[in-house]
Every structure is written in structure tokens, then in C-alpha cells.
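>>> Quick one: sequence and predicted model below, then my questions.
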Amino acid sequence: MAQSKAQLDNLKKGKATQFHSGDEAVRNGRKGGVRSGESKRNKKTLNQLAQTIAAAPISSKDARKQLASIGFADDDLTNNAMVAAGVFQSAVNGKIEAVEKWEKMLRDADMEGEDNAREKSLAVMRAAFWGNVSSNFGAISVYAIKHKFTHYDAFGGRGSTKSSWASLIGIRLIMEHADIHGLVLRKVGNTLRDSVYAQYMWAIGALGVAEFWDSKISPMDLIYKPTGQRIMFRGADDPMKIKSIKVPFGYIGYTHFEEKDQFSGRAEIRNILQSTMRGGDLFWNVETYNPPISRDNWANKDSAEPRPDRVSHHSTYQDLDDPSWLGEQFLNEAELLKARDERAWRHEYGGEAVGTGGNVFENLELREITNEEISHFDRIYQGVDWGWFPDPYAFIRVHYDVAREVIYVIDECYMQKFSNERSAQWIKDQGYNDVWTACDSAEPKSVADYRSMGINAKEAVKGPGSVDYGMKWLQKRKIVIDRRRTPAAYEEFVNYEYEKNKDDEWISGYPDANNHLIDALRYAMERVYVKYRSNA
């Protein structure tokens, strides 16, 4: 029954009036709001008054007793409860309209519970987010949160927390955008569980929202429980599985390529994104990696290419607010490498592409070789490149690990104007006459001198195509060099570059300059790789 105009006027003036039902109060409150057209008042609005009435306790003892009998607690015995009970009773009596209304009330209650869980998780996540993100990632984080760019290129050295940042921002973006899912990729699928999957699990824990996420192993997914959103972890070695990915709702709005440089090139990443970047309005693509040593590596060149929809971010462990959390051992190792081999430190910890792009040897491992390691070396090879001013005499001694295809440079002799007699005596004094020494065959007299002085010397075979084949063989092996033991070998192998044409472009030629120990190594390993060549 509708209220009279006088009752409505009294209500607008804040005076007490009598209502026939809670439903009528709500209806009239809405009418009053429309008529008044005022959104704010000094006194309570009609909606506020309606909420007060709905939450008011039931005064009728019979009604309270009846509601208590069907399971209402004392705190729930309000006018709202009486309305809900009335709808329920009508539904039980078979009134279709009441049944539909009752089901809607239940659905709304479920949705309200989900919304509450999501709001709670968002509040917890946001409160913890900035405490887990180093300040040097502050700007790029804001860019992602505000969707200023689509592509986010994060690269740097060891311990720079770039992968940690990617997982933290990925979790945040998924939670804040209820219609998107995530896809995290590595080149090889069997590396996912112990790397990026574990990283994202860490991020969920660090953000304090573990109770709101479920984890699955087969398939490898993380599921945001309040909404059912997924972060899927897949390997690019099975492209058909990526193309066949289907999400239950929404679209794949977040992608993360971990170890970007392991992918075959921009074309491979582009092909994947063409399959995922569809069906939505907002997309975020994150790519993380440690720069390869060569500046001409595709990943390094790709990051240097300007794009209006991409931001690039470089980071190192020294940029962290508190690097000490990495541990004393990590920091000690970094500082020791910096003191021993700054170029290697700049690459590994500084995240710099220190190679010129034309480096012949991209397979160098520049580190300490311990006496303990050397004590186990049993496949020793030696080579000599003769020289006389201005070219130096170059002797090299190495160990070759056949199973792992690794060459360890043990010692060297790199001298100007070093006669055959003096160099032969040096070999004896070092105890290095225990194996054959392969010598440049261009000087047969020098080889004969060595033999006459008791050196186990033999001529290198060489022959047509031997330089090209020998160099390619060496390039396919890892070469370990300790700068303290063999400084000249370090300089030659690190700085040896391909030739350039008249247009200053790299070509596949090996310059015959500053390569004396490199040639000596070719001679030393010739009897090994000649077997490969004869079987090819």
C-alpha cells in the first residue's frame, strides 16, 4: 500500500512516520530520491533510512519466534530477514516469481562472497607489492600498472631480480584485471617447473595471497580462486600446444617470455604473440633475459631497436635497495670476478654485451682453473707457433675433456726473440716434455732443432682447408681460460674477430694477425679433429 503525500512529505522533512512494510519503504525511498534529485543532504537520505529500517530488529515476538524456528540467529532477526523469509515461504508454496527471486538472491550472495574474497586479496597484495619490488623497478612497475606500454623488456646481470619483478607484476596484473589470463613461456618445457613456475609460486607467497591461489602440475597452471583466472606455464618446443590453448572466459592478456635469448629470434616470439594477443583490449608482454656476450646476438639487437609500444629496463645486483639479501657468498663471488676479470664481470654481473659482435669465439668460459682441477687432467696436448720479431714465439698447453667437449688452457709461453734453444730448455724446465708438441710445419728446421735437443716434437699436417676446418672445430668447443695463468691467450681469444669488408661489415674470414696462440692451439688439437674430419 502506497504512503500518502503527507507521509512522504514528513519523511523528507525527517519526521517520524508509519510504514506498512519494508518493501514499501524501499519503493517510496527510491521515488523520493528521483523526485528530489538531490544526491547529498545534511540529514539522512531515503536510501540511508531504508537501510536503517532493513537492519532494524523485528519487534513482533511471534515473527521473531517463527524466524528462529527456521534457523535465524538472534543477530539476524531483522526486517531484512523477514523479507527473505517471506520470499522463501512463497517459493516453497510454489510461486514461480518467488522461486526466481529466491534463486537470484542465492546467486547474488555467492557473487558477494567472491567479490569479498577478491577485494580482500587485492588489498593484501597491494599492501605487500611495493615492499617486494626494488626501487629501481619502480618506474617500469608503474608503467605496467597504468598500461602505458604493451611490451616490457627487462634484461641485466645475475642477481638483478628481473625475473622476480616479472613474477610479481604478473600476479598483480592478473589479480587486478578479472578478464585476463597469463601465459609464461620458456624455450624448453622441461625447464619450467624448477624455474619460472617456482618463481611465480614465490611471488604469490611474498605478496601474502597464497590462500587465494591453487596450483596444478599437469597441466602446469596457477589458478586465482576468486575468479578462476589462470596463469599457464608452457614450453615453446611444442608450438601446437600453445596454439591450441583455450581459456574458459576472457582472453590471454599477460605473456612472459623467460630467457628471451634462448628463443630462435623475434619471429618465433612474434608468431606466439599472434596466437595469444587476440580477443581483448589490454595486453602486457614481458621478456626477461641475461644479455649474450655478443652485441650482434639477435636478443641484444632486438632490445636496442626502438619501439613506441615498448619500454626497456636494464638492471644489476648493484641497483638493489639492499643487495645483502643475495648472500655474502654471491657478493664475494661477484667482487672476486670483478678484481680478476672485469670484462667477464661486466658481462655476467653487469649484464653487458661486451663482445663487439664480430667475435670468433663466443664459447669462452673465463674463470679460475684450480690446481685441484689440473691434478685430474689426463689428456694433455701442446702446440707451438714459431715466431721472431715482430711476431712472438707462442707455446700452449691444454687439457681436452672429450666427453664434455671442453678445452682447458693450462699454460703458455709468449715471448719475443725467443730462440729455439731457450724455448726448448723452457719446455724441459717446466716438465712439459711429457707429451708430443705439435709445431708449425712452415719451419721444418726449427722442428728439427727441437728434436735434436730432445723435445718430443712433430710437424702439424695442415694442408688445404685446414685453417677453416680447425677454427670451426674449436668454435664448437667450450674453451676455459684463466687470465692469471694465461694472460696472452686471454687477450687473443677474447679479442679475436672476423674480418670486415670495405663497407665495414663482418665477413666469415679469419685474419692472420694477433692469433699466434690460437694457431698453436689448432696445431695441438689437430690429431684430435683430423679424426673427425676423416670421418665426416
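Structure received. Just so it is clear, the model here is predicted, and its values are computed rather than measured.
>>> On the pLDDT front, check the residue nearest to residue 301 when sequence neighbours are not counted for me.
Nearest non-adjacent residue to residue 301, counting by CB to CB, 6 or more residues apart in numbering: residue 295, 7.5 Å away. The way it works is simple: take the backbone N, C-alpha and C, and place the C-beta from them, glycine included. Looking at residue 295, its pLDDT is 75.
>>> So residue 295 is in contact with residue 352, correct?
No - with contacts counted by CB atoms under 8 Å, residue 295 stays clear of residue 352, the gap being 9.2 Å.
>>> on that earlier part again, tell me how far the residue nearest to residue 301 lies from residue 529.
If you measure residue 295 against residue 529 using CB to CB, to the nearest Å, the figure is 29 Å.
>>> now do residue 252
48 Å.
>>> and if you look at residue 437?
Residue 437 sits 17 Å away from residue 529, taking CB to CB as the criterion.
>>> Would you mind putting the CA coordinates of the helix or strand hosting residue 232 into PDB?
Using DSSP states H and E, residue 232 sits in strand 229-235. Only the C-alpha atoms of strand 229-235 are listed here, as PDB (Å, rounded to 0.1, in the frame of the first residue of the first chain):
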ATOM      1  CA  GLN A 229      41.700 -16.900 -13.800                       C
ATOM      2  CA  ARG A 230      44.800 -19.000 -14.800                       C
ATOM      3  CA  ILE A 231      48.500 -18.500 -15.300                       C
ATOM      4  CA  MET A 232      49.600 -21.300 -17.700                       C
ATOM      5  CA  PHE A 233      53.300 -22.400 -18.000                       C
ATOM      6  CA  ARG A 234      54.300 -23.900 -21.300                       C
ATOM      7  CA  GLY A 235      57.300 -24.700 -23.400                       C
END
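>>> Contacts for the next helix or strand after it, please.
Per DSSP H and E, the first helix or strand lying C-terminal to strand 229-235 is helix 239-243. Residues from elsewhere that reach helix 239-243, judged by CB atoms under 8 Å, 6 or more residues apart in numbering: 183, 185, 234, 236, 271-272, 275-276.
>>> before we move on, what about stretch 486-493?
341, 361, 364, 366, 392, 394, 396, 409-412, 414, 479, 481, 483, 514-518.
>>> Repeat the analysis, applying 6 Å as the threshold.
Outside stretch 486-493, the residues within contact range by CB atoms under 6 Å, 6 or more residues apart in numbering are 361, 364, 409, 412, 414, 481, 483, 517-518.
>>> Ok, stretch 370-384 next?
Contacts for stretch 370-384 (CB under 6 Å, 6+ apart): 395-400, 435, 437-439, 520-521, 523-525.
>>> Please tell me which one of those counts the most neighbours.
Counting neighbours by other CB atoms under 10 Å, the top entry in those is residue 520, with 32 neighbours.
>>> Hmm, that one is touching residue 385, no?
Yes - at 4.4 Å, residue 520 counts as touching residue 385 under the criterion of CB atoms under 6 Å.
>>> which residues do these two both contact?
Overlap between the contact sets of residue 520 and residue 385, as judged by CB under 6 Å, 6+ apart, is given by residue 394.
>>> helices or strands up against the strand holding residue 232?
On a contact count with 3 or more CB pairs under 6 Å, 6 or more residues apart in numbering; DSSP states H and E, strand 229-235 meets strand 180-186, strand 221-224.
>>> Could you work out which of those strands reaches nearest to residue 302?
Taking CB to CB, strand 180-186 is the member of the helices and strands packed on strand 229-235 nearest to residue 302, at 16.1 Å.
>>> Can you name the next helix or strand after the closest one?
helix 198-206.
>>> what angle do that following helix and strand 180-186 make?
Helix 198-206 runs at 140 degrees relative to strand 180-186, counting by axes from the mean of the first three to the mean of the last three CA atoms, to 10 degrees.
>>> and helix 198-206 with strand 229-235, angle?
Here helix 198-206 runs at an angle of 150 degrees relative to strand 229-235 (the same axes, to 10 degrees).
>>> Would you mind listing the buried residues in helix 198-206?
The neighbour-count check on helix 198-206 (16 or more other CB atoms under 10 Å) flags 199-201, 203-204, 206 as buried.
>>> before we move on, what about stretch 158-176?
Within stretch 158-176, the residues scored as buried using 16+ other CB under 10 Å are 159-175.
>>> Quick check: of the contacts of helix 239-243, which has the highest neighbour count?
Within the contacts of helix 239-243, most neighbours by other CB under 10 Å means residue 185, with 25 neighbours.
>>> Let me see the confidence value for it.
Reading off the model, residue 185 has pLDDT 95.
>>> Check residue 305 too.
pLDDT, residue 305: 86.
>>> gap between residue 157 and residue 191?
According to CB to CB, residue 157 and residue 191 sit 20 Å apart.
>>> And these two? Which one has more around it.
More crowded of residue 157 and residue 191, by other CB under 10 Å: residue 157, with 23 against 16.
>>> Next, the contact list for that one, please.
316, 349-351.
>>> Out of those residues, which comes closest to residue 330?
For the contacts of residue 157, the nearest to residue 330 is residue 349 (9.5 Å; CB to CB).
>>> burial count for that closest one?
When neighbours are counted by other CB under 10 Å, residue 349 comes out with 24.
>>> returning to what we had before: please tabulate the helices and strands packed on strand 229-235 in TSV, including the columns distance to residue 125.
Output for the helices and strands packed on strand 229-235, formatted as TSV (distance: least, CB to CB, whole Å):
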stretch	distance to residue 125
strand 180-186	15
strand 221-224	11
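>>> So which of those strands is nearest residue 64?
When these are compared by CB to CB, strand 221-224 sits nearest residue 64, at 41.7 Å.
>>> Sheet partners, orientation included, of the closest one?
As defined by DSSP bridges, the strand partners of strand 221-224 come to strand 213-216 (antiparallel), strand 229-235 (antiparallel).
>>> hey, what's residue 457 bridged with?
Under the criterion used here (DSSP bridges), residue 457 is bridged to residue 437.
>>> surely it meets residue 447?
Yes - between residue 457 and residue 447 there is a contact at 5.4 Å, judged by CB under 6 Å.
>>> Quickly list what's touching both of those two.
Overlap of the contact sets of residue 457 and residue 447 (by CB under 6 Å, 6+ apart) consists of residue 439.
>>> For the stretch 401-536 of the chain, which segments count as strands?
Here the stretch 401-536 of the chain has its strands, by DSSP state E, counting those that start in this stretch, at 406-415, 437-439, 457-459, 478-481.
>>> So what's the gap between the third one and the chain middle?
Centroid displacement of strand 457-459 relative to its chain, using CA atoms, centre = their mean, to the nearest Å, is 51 Å.
>>> sorry, back to before: just say which of the strands of the stretch 401-536 of the chain is most tucked in.
Among the strands of the stretch 401-536 of the chain, strand 437-439 has the highest mean neighbour count (mean count of other CB atoms under 10 Å), at a mean of 25.
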